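**Student:** I would like to see how this sequence folds:
(3 chains)
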Amino acid sequence: MAKPILMLAEQVRGQLSDISFEMLGLGRRLADALGAPLSALVLGSEGAPLAARLGLADKALTAEDPRLNMAPPGTMADALRQVIEKEQAGLVLIGATNVCMGVGSILSARTGLPFVNNVRQAQAEEGAVRLTSQMYGGKILADVRLGGACGIAGIYPGAFPADAGRSDKAPPVEAAGVTVTAPKETFERYIEPETGDVDITKEKVLVAVGRGIQTQDNVGMAEELAAALGGAVCASRPVIDQGWLPLSRQVGKSGMNVKPRLYLALGISGAPEHWEGMQGSQCIIAVNTDAKAPIFDGAHYGIVGDALEFIPLLTDRLKARRG
Amino acid sequence: MDPVKFSLFGLPGVALLWALALAAFAVFGWRIARLIGLLRQGRYENRFDRLPRRLGHFLKHVLLQPRLFNERSIGLPHFLIFWGFVVYALCFNWALIRGLAPFLPIPYPDEVPAVALFLDVFAVLVLVSLGVAVARRLFYAPPHLHLSFDANLILSLIGMLMVSTLVGGAARIVAEGGRSAAWTPFSGLLAGLFSGASRETAHHIVAAAWWVHMLTVLGFLVYLPFSKHLHLLASPFNVFFNASATRAVGDLGTPGAKEDLTAGASRWQELTWKQILGGFSCAECGRCDRSCPAAGSGYPLLPQQIIQKVKDHVVRHGLNGANGNGVPKLVGEVITPAELWACATCMACMNCCAVWNEQVSVIVALRRHLVSQGEVDRTVQDMLGNLQRYGNSFGKSDRMRARWAQASGLKIKDARKEPVDYLWFVGDYASYDPRCEEITRKTARVFARAGLDYGLLYEAERNAGNDVRRVGEEGLFEVLKEKNQQAFQKARFQRIVTTDPHTLNTLRHEYAWEGARPEVRHYTEVLDELLQGSKLPLRQKLSGRVTYHDPCYLGRYNGVYDAPRRILGALGLELVEMPRSRDKSYCCGAGGGRIWMEDAEKVQERPAESRVREAVALGGVSTLVVACPKDLAMFRDAVKTTGNEGRLAVKDIAELIDEATAEPEAKPA
Amino acid sequence: MNIFVLLRLAPDTVEELEIGGDGKSLDADILRFKPNDPDEHAVEEAVLLKEKHGGTVTVAALETPEVDDILYTALAKGADRAVKLTGDLGAAQSEAAARLLAGFLKAGGPALAPDTLILLRSQSIDDLEGEVGPYLAEALGLPYACVVTQVAPAGGAVKVTREFSGGLRGEFTLPLPAVLGIQSAEKPPRYVPIAKVRAAMKTARIETVDAGAVEQPARVGVERMYKPEAAGRAVMIEGAPEEVADKVVELLSKNSVI
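**Tutor:** So this is what the prediction gives:
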């Protein structure tokens, strides 16, 4: 029998993130194919109720210590290392998210296990696992084989279905028995997201603007279009960094995760960090001047052209329809 | 009768004149010497080349003043005041010498009949002109004319000179016992005023008028270098030393510079002497402000203010010898970055400046300082970063530069591999902008139909650097230039044709060439020649009324006005001129790197929008024809933002030629 | 403050990337290298810190094509020292690169000066691990924070803000010396005019340090590298801009979005 698979559930202040279920579904599939047991680990205080929701795991482990809430990567890695040793785990799944960034590398450095980050595909094969890692900003994929199914995989958010990880069952929950050493990095406080005027995660229609919008003035044009569509404007990181829109409108790795009915991506090239935050949208229409922009690889509809030219044309037509 | 032969409180008139003249000339000389001292603190540039050409330029523009006549309300009056001044200045010196040295066996100027006539007639012409000038200031002042007390005082002083001459002349007729007024007709008309006076009294009036005249001139002499009328002294030199007297206006280089000018000017001493002289020469007439598209749109730029602020700063702090503490920063405090960035380097200001100031070079010198401090708009920074890395402002791979050509279905020669007649320097917008790519393909097809032997540099072409230089990133301009020059050396070609007028300008005037400078032509010039020579067969005549926008860098910078117009005529189109056409063309607002900048604040009406409205207002004109890829981008946007979609189409002239020369069966269905 | 910025140039993804003959790596002949955005932010943050708090900034980079330009640019921006690490670097993966960098940092003695701050990019795009910082922190035995957007030194410590998700951020205090993975600097990276870079080329010197050879082979190798299939490629809407807009309106109404 192959060595157990261990997945690190990700929680943000008492809420399990989607990535936890995505990894759980993946872990279940690999565990079944390899004939290995699957354990899930929840770090942080109040872990038990969260662990109870990880029904697809054969066993859920908790380490209830407030110092493990949003802990620095070294602290999380130390807890994981102890559990790996105890459970004799082979394959470890960690989210390639901002919250868990750094954990895989530190764990790899401390345990000597290989670390493959940004994994988009994974297959079990004859006692091994084949992982596909996304590199060079999504332009290249690399296949890697973990012999003996031993190693650490950073799972790319949104690459695997979260639904495959949800279950009504409750797994057996036990304490992992982790000894927490005081982290060198002291957590001081949370800085809450700016409360924006609009909660873009609740909007049905989002008009998203990227680098291609060029100037702050043009953001106004996009707002007009959003108004005509009855939605709101959001943006990729470059636009937020310019200060043209508040942080609360950022979609992507560091920003919001949105799943509107319509996501109109204007002048967004579709860097993986952005894609991560909007891939769940029901309908994605992308406008970009570069026919090779990666956004067209995932969007439902694509238009090669200048977003600045397209915005007023569409706005006018929408206004005309309304009369 | 000699006006200096009297004594005041026992002081002989001659002595008094000596004392006053010495004092006035001393003050004048001292002030001028100090002002020249300021010029000498500026950086050196060589403006002493080709002196005969400079002299020709000087004679034409100082003596004939054609640029002043561009504004009718003041052209002739200024011309007359100027020439009156010249005549009076000569006679003043004559009279002064005669007065200071009464023993000289020469008459006073007004004792020579022909001279007296001149003075008499000019006195009236100048007075009438002064009347017009005063009325213009009081009743119909054009915008941006600086309505200063200074100006009124000077007009009064000049009036005083004329009046004293006429009064003196009139009194002389009486004093000399009804001498004939044939040589002084206007004084003769005034003589009646003194008919009741005794000859004795009339003599006194003559002397008094003479003294008033001389004292006014001496006063004027003292006042002049402290006032805006310094322009009267400085501007002839400013015209003589003007850059475009011997070079193209599109050449921003600084020949003879002894220092590295790439970091620009942060202090006034880092401007060149000629840039400082420009300040002394400004007459505050406001022509540049009136012509400036940035000023017209409500951007914070007024070209005259740039020149004036430099002058005030130089005079105030330079003459006090103040340095460092307490001296406001030239860039940032005296002149704000927003003013400097608003300039589209369209050349409208310099093209109309009556004293031939060089506003653009000052603005670029100050921009260079901002760039050297990294104080550049975020968007411009991105563009400059792209240009550094990829050689184009679009941030696309240089390997993609000729991607448009692949889709054209044409096999275009690589000038690096086989010799061509024309090397086509396509430029960034025409190569990379999706709005322009199709037009570039059409241009290529038209070239092919004309049997033009042409080729490209493909990925070796870099942005030519015209706008980079005008943004103030001189170092990057040099790098781009070097890279292009290396590419030129590897290619074999006779001539260069460019799409973008900005590219044309810098290749034509700012690049150094090994051996003979190749001819650099705009595609409209080449296509015009091909059409005129029947090398490019027309398949169908076009019809309709169109208007044409002169790109700044094609027209004002390079004097190409007729070639595009001839093309439109040859195609069968009826050209309707906009009110602002040819060298009065109104900039689209994209030049000098403006196309990369965003507007910090809302402006009244962008230059491109103003231009589109101007075209629409012509009535019955369906198409605005352009000959510059940046114009295409700017005007197509402006047509949308002004709500003129469907009313006005913006087309590149190459599109029209393509339409007229396309073989019917080859036309896509 | 004794600030180090560690750079590793990565292939420029603006250029086309092609797979090399071995099928396991990129075609090195056409690769062009550049610092990634976060590298530029790390340099900027270092220079900002120096301007605010004094100290020296040392920029060190593993040798790659075009690295000299990048180092001179960093000097022109305000770095005091530039170091190029040469040697048999091969295709050093994150962990190996971290060891080389750690070796360089420890060259002056096993203990770093107590006011040392090491900045580098939070994430990498050019290897399987995708991050050098944590490996480096481990190799040096130093505290580490990643996705950092603000840095404020205070006494012998540094206060940092890091990003989590959904706009939530956290503030941490790390004792110095420390390693920080920078996501973005306090201000966007500054522009440095070419003339300054050229002046730096004339006056400054890049120190070359032999970093030796990569000791640690990658723990796992790439079996195959390939470009993602554009299987889920978008349905392209084509035509003149006006037609496209009409088609989109039609599409939206069919999907009852409007």
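
**Student:** Can you name the residues that contact the residue of the stretch 51-200 of chain A found nearest chain B?
**Tutor:** Going by Cβ to the nearest Cβ, chain B is nearest to A:Lys139 of the stretch 51-200 of chain A, at 12.8 Å. For the C-beta atoms, the positions are set from N, CA and C on the backbone; glycine is no exception. For A:Lys139, the contact set (Cβ atoms under 8 Å, 6 or more residues apart in numbering or on different chains) comprises A:294, C:13, C:17, C:227-228.

**Student:** cool, and B:Ala365?
**Tutor:** B:261, B:264-265, B:270-272, B:275.

**Student:** need those residues in TSV with neighbour count, can you?
**Tutor:** Converted to TSV, the contacts of B:Ala365 look like this (neighbours: other Cβ atoms under 10 Å in any protein chain shown):
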residue	neighbour count
B:Leu261	20
B:Gly264	22
B:Ala265	23
B:Glu270	21
B:Leu271	27
B:Thr272	25
B:Gln275	26
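
**Student:** from those, which single one is nearest B:Val14?
**Tutor:** B:Gln275 (44.6 Å; Cβ to Cβ).

**Student:** separation between the closest one and A:Val207?
**Tutor:** Separation of B:Gln275 from A:Val207 (Cβ to Cβ, to the nearest Å): 48 Å.

**Student:** which residue sits closest to A:Cys150, ignoring its sequence neighbours?
**Tutor:** Leaving aside its sequence neighbours, A:Cys150 sits nearest to A:Gly90 (Cβ to Cβ, 6 or more residues apart in numbering or on different chains; 4.4 Å).

**Student:** I'd say the one you found and A:Gly27 touch.
**Tutor:** No - using Cβ atoms under 8 Å, A:Gly90 makes no contact with A:Gly27, being 11.8 Å away.

**Student:** re the thing from before, contact partners for the residue nearest to A:Cys150?
**Tutor:** Applying Cβ under 8 Å, 6+ apart, the residues contacting A:Gly90 are A:2-5, A:36, A:148-151.

**Student:** about what we covered before: next, format the contacts of B:Ala365 as TSV and append distance to A:Gly165 and pLDDT.
**Tutor:** Shown next, in TSV, are these (distance: Cβ to Cβ, whole Å; pLDDT from 0 to 100):
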residue	distance to A:Gly165	pLDDT
B:Leu261	65	93
B:Gly264	61	95
B:Ala265	65	96
B:Glu270	67	96
B:Leu271	70	97
B:Thr272	72	97
B:Gln275	71	97
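
**Student:** Which of these sits closest to A:Ile285?
**Tutor:** Of all those, B:Gly264 has the smallest distance to A:Ile285: 46.2 Å, by Cβ to Cβ.

**Student:** Please report how far that closest one lies from chain C.
**Tutor:** The gap separating B:Gly264 from chain C is 10 Å, by Cβ to the nearest Cβ, to the nearest Å.

**Student:** now, which of the contacts of B:Ala365 sits nearest chain A?
**Tutor:** Nearest member of these to chain A, counting by Cβ to the nearest Cβ, is B:Gly264, at 25.7 Å.

**Student:** mind listing what the closest one touches?
**Tutor:** Listed by Cβ under 8 Å, 6+ apart, the contact set of B:Gly264 reads B:270, B:364-372, B:472, B:474.

**Student:** count of neighbours near the residue in chain B that chain A sits nearest to?
**Tutor:** Residue of chain B nearest chain A, by Cβ to the nearest Cβ: B:Glu598 (3.5 Å). By the criterion of other Cβ atoms under 10 Å in any protein chain shown, B:Glu598 has 16 neighbours.

**Student:** ok, now C:Phe4?
**Tutor:** Counted with other Cβ under 10 Å, C:Phe4 comes out at 24.

**Student:** Given the one helix or strand it maps to, what are its sheet partners and their directions?
**Tutor:** Using DSSP states H and E, the element containing C:Phe4 is strand C:2-7. Partners of strand C:2-7 in the sheet, by DSSP bridges, are strand C:56-62 (parallel), strand C:116-121 (parallel).

**Student:** any idea which of these is most buried?
**Tutor:** The highest mean neighbour count among the strands paired with strand C:2-7, using mean count of other Cβ atoms under 10 Å in any protein chain shown, belongs to strand C:116-121: a mean of 26.

**Student:** what about the longest strand in the chain?
**Tutor:** All of this refers to chain A. Of all the segments of type strand in chain A, defined by DSSP state E, the longest one is strand A:115-125.

**Student:** could you do chain C instead?
**Tutor:** Counting residues, the longest strand found in chain C (DSSP E) is strand C:144-154.
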